[in-house]
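Novice: Could you look at this predicted model? Sequence included:
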Amino acid sequence: MTSDIPNVRLDGIVVPELVRELAGGRDVEPVWRNGIGGVTFSIGAGAEYVKYGPPHSEFDAEPEFARLRWVSRFVPVSRPIDHGTDGVGNRWLRTVGIPATSAVLGQWRAHPEIVVPELGRALRRFHDRVPLDGCAWTWSIADRLASCGRSADVLGAWPTLDPVVCHGDACNPNFLLDASGSCVGYVDLGRLGVADRWADLASALLSLGWNFGEGWEPALLAGYGIDPDPGKQDFYTRLWNLN
C-alpha cells in the first residue's frame, strides 16, 4: 500500500493527450500524485476528475467503475462517467466532481480535533448504510492473502468475522469534507467489498499517524462508536501491510 502523505510536488507533470481530449477544451490541473505512478486530474475546476495511471493492482478502472455505480445508491461517492485504457495501456476513470476537500488537505490538516472524530462518524455511516445484501464483491482475508501470494497461516489465527461492506481503502485522504468539516463524499473505492469492519478501521487508524501525528486513535474510535479491539486492529494492520 502507498503512503497517505499527500504528494504536493505536482510540478513538471505533462497532461496526457487522452486527458486533454476528455477535457474537451476545459482547464486541466493535476491535483494528486500517488505512489504507483498515477495522477488525478481536475477538469473544469473540479466539475470532473480523471484518474490516470499504469496497470497496477491498486488501480483497475473497470471494477472500480462498477463498484461506484452500485454503491452510489447508498452513500455519496464520485459518480462514474466512463473509463478505459489509452493506446499504451494506461488506465483511466472519469467521475463527476464532489464540491469538497480531502480530509488531509488545506485547512483540515491543521485541525485534527475536528477532522478525526468526523472520519470515525463517516466510516460508521458507510458501514451502516451500504447493505451486505446485493454486494457482489469481497475484500476477504483469503482473497487479500492470495492477491499478494501469501499462505493462509502467515498471520496466525483469523479473528471472528463481523461482516460489513468495507470501503476497501479507508485511509484519511479518501474522505471528502465540506466547509463545515462534515464528510460529504467517499473516493477511491476500487477495493470495496464484504469484510470485517476492522479491515477498514485498521487502515483508517494507521493513516492517522501519517496524516495527523500520534495520539488520535481514541478520537476516531469514539466517532465511529466502537471500543478498541487490539487483537483485530493488530491482525488487520498486519494484513494491510502485506499488500
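Specialist: Cool, the structure landed. Numbers count the residues shown, from 1 in each chain.

Novice: how about the longest helix anywhere in the chain: buried residues?
Specialist: As assigned by DSSP state H, the longest helix anywhere in the chain is helix 112-129. For helix 112-129, burial by neighbour count (16 or more other Cβ atoms under 10 Å) applies to 112, 115-127. Every residue, glycine included, has its C-beta placed from N, CA and C.

Novice: how about those, which pair is most distant?
Specialist: 112 and 127 (21.8 Å; Cβ to Cβ).

Novice: Can you tell me which helices and strands the lowest-mean-pLDDT helix or strand in the chain packs against?
Specialist: Within the chain, no helix or strand scores below strand 28-33, which has a mean of 86 by mean pLDDT, DSSP states H and E. With contacts defined as 3 or more Cβ pairs under 8 Å, 6 or more residues apart in numbering; DSSP states H and E, strand 28-33 has these neighbours: strand 39-43.

Novice: sec struct for the residue nearest to residue 62 when sequence neighbours are not counted, please.
Specialist: Excluding its sequence neighbours, the residue lying closest to residue 62 (Cβ to Cβ, 6 or more residues apart in numbering) is residue 83, at 6.2 Å. Secondary structure, DSSP: H, G, I helix; E, B strand; the rest coil: residue 83 is strand.

Novice: ok now do residue 83, which residues does it touch?
Specialist: Residues counted as contacts of residue 83 (Cβ atoms under 8 Å, 6 or more residues apart in numbering) are 61-62, 64-65, 91-94.

Novice: Follow the chain on from the longest helix of the chain and name the next helix or strand.
Specialist: helix 141-147 (DSSP states H and E).

Novice: buried stuff in that next one?
Specialist: Using 16+ other Cβ under 10 Å as the test for burial, helix 141-147 gives 141, 144-145.

Novice: domain assignment for this structure?
Specialist: What automatic domain parsing lists as the domains of the chain is 17-96, 101-242.

Novice: and those, which one is worst for confidence?
Specialist: Ranked by mean pLDDT, these bottom out at domain 17-96, with a mean of 90.

Novice: picking that back up, nearest to residue 105, out of the buried residues of helix 141-147: which one, please.
Specialist: Nearest to residue 105 among these is residue 144, at 28.3 Å by Cβ to Cβ.

Novice: Would you check that that closest one makes contact with residue 243?
Specialist: Yes - contact criterion Cβ atoms under 8 Å: residue 144 and residue 243 qualify, at 6.5 Å.

Novice: Show me the helices in the protein, by range?
Specialist: So, for the chain - with DSSP H - the helices run 17-23, 61-71, 112-129, 141-147, 197-212, 217-224, 230-242.

Novice: Which neighbouring elements make contact with the second one?
Specialist: If contacts are counted by 3+ Cβ pairs under 8 Å, 6+ apart, helix 61-71 sits against strand 80-85, strand 91-96.

Novice: Nearest to residue 192, out of those?
Specialist: Smallest distance to residue 192 across the helices and strands packed on helix 61-71 (Cβ to Cβ): 12.6 Å, for strand 80-85.

Novice: Compute the distance between residue 172 and residue 63, please.
Specialist: Residue 172 sits 23 Å away from residue 63, going by Cβ to Cβ, to the nearest Å.

Novice: what about these two, which has more around it?
Specialist: residue 172 (27 against 16; other Cβ atoms under 10 Å).

Novice: what sits against the more buried one?
Specialist: Residues counted as contacts of residue 172 (Cβ under 8 Å, 6+ apart) are 4, 103-104, 115, 119, 204, 207-208, 210-212.
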